[in-house]
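*Asks:* A structural model of the following input is requested.
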Amino acid sequence: MSPDRALLDAGAVRLGLTAQDKADALRQCGEVLVEIGAATTEYAAALHEREKSVSTYVGEGVAIPHGTNESREHIARAALAVLQFPDGVDWDGNDVTVCVAIASKSEEHVDILSSLARVLMDPEKAAALRGATTPEGVLDLLSPRNTEE
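*Replies:* Modelled structure (predicted):
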């Protein structure tokens, strides 16, 4: 198993979800991080705290929810979760269709975020991420080896 797959595996990819609002989407992100054993409910609550201080919206319909620095003590292991909301979620005036939730105490997640950045800079790949129909499709898009120029 490559390092990127250890941080993000198919069990942490949820497609075709709906959320009533940003708070509901953040709640769902936190639930997945808890469910996969990456973090505690205290960390999940901190996703809302982070969002109060700074928006995690990064563009192209994507947000990267994560907890506060103080909440890192509630992380069991580094992991990411990808949640897709095809109908979109109002994120302070932006339409978010994909959330990449992060649980990380240090920099383990940087390679995948670099891959995400490269995907978002390519309109076709960004559209493929927003419209992904399988967890494997998401994993392939976010795999560092597949996004290098």
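*Asks:* Which SSE is immediately downstream of the lengthiest strand in the chain?
*Replies:* In the chain, taking DSSP state E as the definition, the longest strand is strand 79-91. Sequence-wise, the next helix or strand downstream of strand 79-91 (DSSP states H and E) is strand 94-103.
*Asks:* My guess is L116 contacts L142. True?
*Replies:* Yes - between L116 and L142 there is a contact at 6.1 Å, judged by Cβ atoms under 8 Å. From N, CA and C alone the C-beta is placed, and that goes for glycine too.
*Asks:* out of those two, which sits in the busier spot?
*Replies:* The residue with more neighbours, out of L116 and L142, is L142; 28 against 25, by other Cβ atoms under 10 Å.
*Asks:* Mind pulling up the pLDDT for the more buried one?
*Replies:* On the pLDDT scale, L142 is placed at 84.
*Asks:* what about it, distance to V58?
*Replies:* Applying Cβ to Cβ, to the nearest Å, the value for L142 to V58 is 14 Å.
*Asks:* Quick check: E124 vs A78, distance?
*Replies:* 29 Å.
*Asks:* So which of those two has more stuff around it?
*Replies:* A side-by-side neighbour count of E124 and A78, using other Cβ under 10 Å, places A78 first with 19 against 8.
*Asks:* all strands of the chain, in order?
*Replies:* Under the criterion DSSP E, the chain contains strands at 13-14, 57-59, 62-63, 79-91, 94-103.
*Asks:* so can I have JSON lines of the ones you listed showing mean neighbour count and distance to V110?
*Replies:* Below are those laid out as JSON lines (neighbours: other Cβ atoms under 10 Å; distance: least, Cβ to Cβ, whole Å):
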{"stretch": "strand 13-14", "mean neighbour count": "20", "distance to V110": "19"}
{"stretch": "strand 57-59", "mean neighbour count": "16", "distance to V110": "14"}
{"stretch": "strand 62-63", "mean neighbour count": "25", "distance to V110": "16"}
{"stretch": "strand 79-91", "mean neighbour count": "21", "distance to V110": "11"}
{"stretch": "strand 94-103", "mean neighbour count": "24", "distance to V110": "10"}
